[in-house]
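In: Give me coordinates for this.
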Amino acid sequence: MKLFSHFSNSIFALAMVAILFAGCKDDESPVDESLAVITSIDPINGPVGSEVRIIGRNFGETAGDHTVIFNGGSQAEITAVTNEQITVTVPEGATTGKINLTTLGRTISSPVFTVTAPEPQPEPETGITAVQPNQVAEGMTVRIRGNNFGDAVSDHVVTFNGTEANITSVTDNTITVVVPANVTGGRVVLTMGGETYEGPEFTILEENVDLSQGFSMDAGIATIGSAFVYEDQAVEGITALRLTPEKADRVGVAYYGTRIPVEGGFETTFDFRIARPGRPEGQTGEVGAEGLAFIIQNDPAGLEARGHRGGSLGYAGITNAVAIEFDAYKNTNENGDNDMKDPNGNHISVQTNHANRFGPIFAEKDYSLGYTTDESNPDLPAFIGNETSSHTAKIVYTPGTLQVFLDDMTTPALEVEMTLTDYMQLTEGKAFVGFTAATGVNWGWASHDILNWTLQPSTSGTGAGE
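Out: Predicted coordinates:
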């Protein structure tokens with residue numbers, strides 16, 4: 001009987017275990033295979049600023065769906081997302097611990113990531129790394145880039161192929177100099193603390209402009225105000241000259257770095273773009289302002305000459321000059337009067353100071369030698385467009401006549417009778433050439449870009465290209 005009793009008890013116990021085990025299996029929830037899962041991180045340690053890959057599955061491909069926090073503190077920047085990997089940068093303030101990933105309201109954690117000290121960086125070698133621009137001319141401002149220059153002007157001597165330059169400022173990484181007279185091509189040399197440091201070779205600007213493929217930091221362009229050279233994102237492979245950004249009350253000016261022979265005639269062609277138009281909230285009327293101009297000048301300020309803002313388009317106020325403007329805004333005063341006498345908000349005009357050829361030029365139409373109107377040019381293209389639209393302008397000067405073409409290279413949009421020397425004094429037949437632009441003080445703004453530029457002086461004195 002005892003044997004049977006023990007056997008019965010054993011059978012009963014086994015049956016209860018089987019029932020409990022079966023009950024537990026029935027209560028388990030199914031695993032959601034669509035949820036994000038972290039399986040590893042790579043690397044498992046690194047300094048602030050380094051890259052970390054969070055590896056797993058079901059991450060999707062949208063960075064905005066995720067938040068990554070290091071050890072409960074600093075949020076990381078997400079630089080890339082695939083369904084199996086999220087790439088982040090270790091943020092400032094990160095400490096050793098787990099990386100928490102929050103995806104669509106659900107937070108999961110990685111293995112521990114160890115934040116290490118950054119590797120010591122070697123001291124930069126003292127010397128010159130670049131000369132910008134490296135195509136130069138007398139009087140141009142040039143920036144010598146490098147390391148460990150200190151900050152005392154008196155401690156430095158800079159020569160261009162053996163001719164000493166005037167140093168205007170020194171920082172630890174930049175020496176600003178003015179190119180000396182009678183300089184010839186060669187090498188920039190810096191003497192500092194008894195040591196001599198050689199820079200790269202430079203060349204002398206030629207007396208014609210060939211920037212048909214766009215601009216560069218080495219192109220020999222002198223910029224003033226808001227103007228700068230930049231890599232254009234709208235047109236792949238183009239480095240453009242931006243005269244103004246799309247902000248109010250800006251003036252930008254840029255010149256070729258040496259005087260160009262213009263007395264005997266010339267032909268210049270350039271593509272320009274006026275885009276990103278805007279105006280202040282509550283302002284009515286035209287959207288976008290103001291416009292740009294091609295300028296020929298022999299102002300005493302030389303490469304530093306700049307004009308006024310707003311409707312002056314950055315050229316009015318420069319002396320001893322002629323400007324060909326592409327005006328994109330009809331200016332009015334506070335009473336709504338057309339105080340500058342603009343014919344419309346989209347016209348070409350040749351501006352001078354016909355009362356005093358050595359005085360400042362003006363933007364008012366009383367000082368125009370000729371301009372387009374709605375009646376004379378009903379099909380003149382609108383200057384203001386978008387990031388992917390541009391216009392081609394060509395200006396041809398033969399002593400006695402100046403022609404302006406826009407997009408149509410066979411029929412001039414404007415032709416005026418003029419001789420440069422009637423309106424300005426030249427230096428041995430030469431003058432500085434370049435571009436100006438401005439945005440509105442109160443009325444609106446737009447970005448103004450020059451995408452490429454060529455200028456060829458006449459070789460015979462009777463007209464460009466002859």
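In: When you work out contacts or count neighbours from here on, use the C-alpha atoms and nothing else.
Out: Noted.
In: In terms of helices and strands, where is Ile348?
Out: In this structure, Ile348 sits in strand 347-351 according to DSSP states H and E.
In: Kindly export that strand (C-alpha atoms) in CSV.
Out: Presented in CSV, the C-alpha positions along strand 347-351 are these (Å, rounded to 0.1, in the frame of the first residue of the first chain):
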residue,chain,number,x,y,z
HIS,A,347,14.8,98.5,-66.2
ILE,A,348,18.3,99.0,-67.5
SER,A,349,20.0,102.5,-67.3
VAL,A,350,23.4,104.0,-67.9
GLN,A,351,24.2,106.4,-65.0
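In: which residues are in contact with that strand?
Out: Counting by C-alpha atoms under 8 Å, 6 or more residues apart in numbering, strand 347-351 makes contact with 322-328, 361-363, 365, 367-373, 380, 414, all of which sit outside it.
In: What is the burial count for Gln121?
Out: Counted with other C-alpha atoms under 10 Å, residues neighbouring Gln121 total 6.
In: What of Gln351?
Out: Gln351 has 26 nearby residues by other C-alpha under 10 Å.
In: what separates it from Tyr315, distance-wise?
Out: Using C-alpha to C-alpha, to the nearest Å, we find Gln351 at a distance of 10 Å from Tyr315.
In: Contact partners for Thr436?
Out: Under the criterion of C-alpha under 8 Å, 6+ apart, the neighbours of Thr436 are 243, 251-254, 292-295, 306, 313-315.
In: which residues do Gln351 and Tyr315 both contact?
Out: Counting by C-alpha under 8 Å, 6+ apart, the shared contacts of Gln351 and Tyr315 are Ala323, Ile361, Phe362, Ala363.
In: Quick check: closest non-adjacent residue to Ile167.
Out: Excluding the flanking residues, the one nearest Ile167 by C-alpha to C-alpha, 6 or more residues apart in numbering is Val177, at 4.3 Å.
In: Show me the contacts of Thr436 that map onto strands.
Out: Applying DSSP state E to the contacts of Thr436, the entries found in strands are Leu243, Val251, Gly252, Val253, Ala254, Leu292, Ala293, Phe294, Ile295.
In: Please name the bridge partners of the fourth one.
Out: Same thing as Val253. For Val253, the beta-bridge assignment (DSSP bridges) gives partners Ile224, Thr436.
In: That one: how many residues sit nearby?
Out: Here the number of neighbours of Val253 (other C-alpha under 10 Å) works out to 31.
In: Contact partners for it?
Out: Contact partners of Val253, counting by C-alpha under 8 Å, 6+ apart, are Thr223, Ile224, Gly225, Ser226, Ala227, Leu243, Arg306, Gly314, Gly434, Phe435, Thr436, Ala437.
In: of the residues you listed, buried ones?
Out: Buried residues within the contacts of Val253, defined by neighbour count using 16 or more other C-alpha atoms under 10 Å: Thr223, Ile224, Gly225, Ser226, Ala227, Leu243, Arg306, Gly314, Gly434, Phe435, Thr436, Ala437.
In: mind checking how far Ile69 is from Val170?
Out: Distance, Ile69 to Val170, by C-alpha to C-alpha: 43 Å.
In: Same check on Pro133?
Out: Here Pro133 is placed at a distance of 17 Å from Val170 (C-alpha to C-alpha).
In: for Ser74, same thing?
Out: As it turns out, when the distance is counted by C-alpha to C-alpha, Ser74 lies 38 Å from Val170.
In: Could I get the contacting residues of Pro118?
Out: Counting by C-alpha under 8 Å, 6+ apart, Pro118 touches Gly46, Pro47, Val48.
In: Out of these, list just those in strands.
Out: Counting by DSSP E, these place Gly46 in strands.
In: Pop out the phi and psi values for Gly310.
Out: For Gly310, the backbone dihedrals (degrees, to the nearest 10) come out as phi 60, psi -130.
In: quick revisit: burial check on the residue nearest to Ile167, number of neighbours?
Out: Applying other C-alpha under 10 Å, I find that Val177 has 21 neighbouring residues.
In: Where does pLDDT dip in the stretch 101-250 of the chain?
Out: Along the stretch 101-250 of the chain, the parts satisfying pLDDT under 70 run over 233-237.
In: Now do the strands in it.
Out: If DSSP state E, counting those that start in this stretch is used as the criterion, the strands of the stretch 101-250 of the chain fall at 106-115, 127-132, 135-136, 141-147, 156-160, 163-164, 166-170, 174-178, 186-192, 195-204, 209-211, 221-225, 228-231, 239-244.
In: what sits up against the fourth one?
Out: Here strand 141-147 makes contact (C-alpha under 8 Å, 6+ apart) with 124-133, 136, 172-179, 222.
In: Got a quick PyMOL command for the buried subset of those residues?
Out: Typed into PyMOL, the next command selects the buried ones out of those (criterion: 16+ other C-alpha under 10 Å):
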select buried, resi 127+128+130+131+132+133+136+173+174+175+176+177+178+179+222
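In: picking up where we left off before, turn the strands of the stretch 101-250 of the chain into CSV, columns for distance to Asn452.
Out: Output for the strands of the stretch 101-250 of the chain, formatted as CSV (distance: least, C-alpha to C-alpha, whole Å):
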stretch, distance to Asn452
strand 106-115, 48
strand 127-132, 19
strand 135-136, 17
strand 141-147, 22
strand 156-160, 29
strand 163-164, 33
strand 166-170, 31
strand 174-178, 26
strand 186-192, 27
strand 195-204, 20
strand 209-211, 6
strand 221-225, 12
strand 228-231, 11
strand 239-244, 7
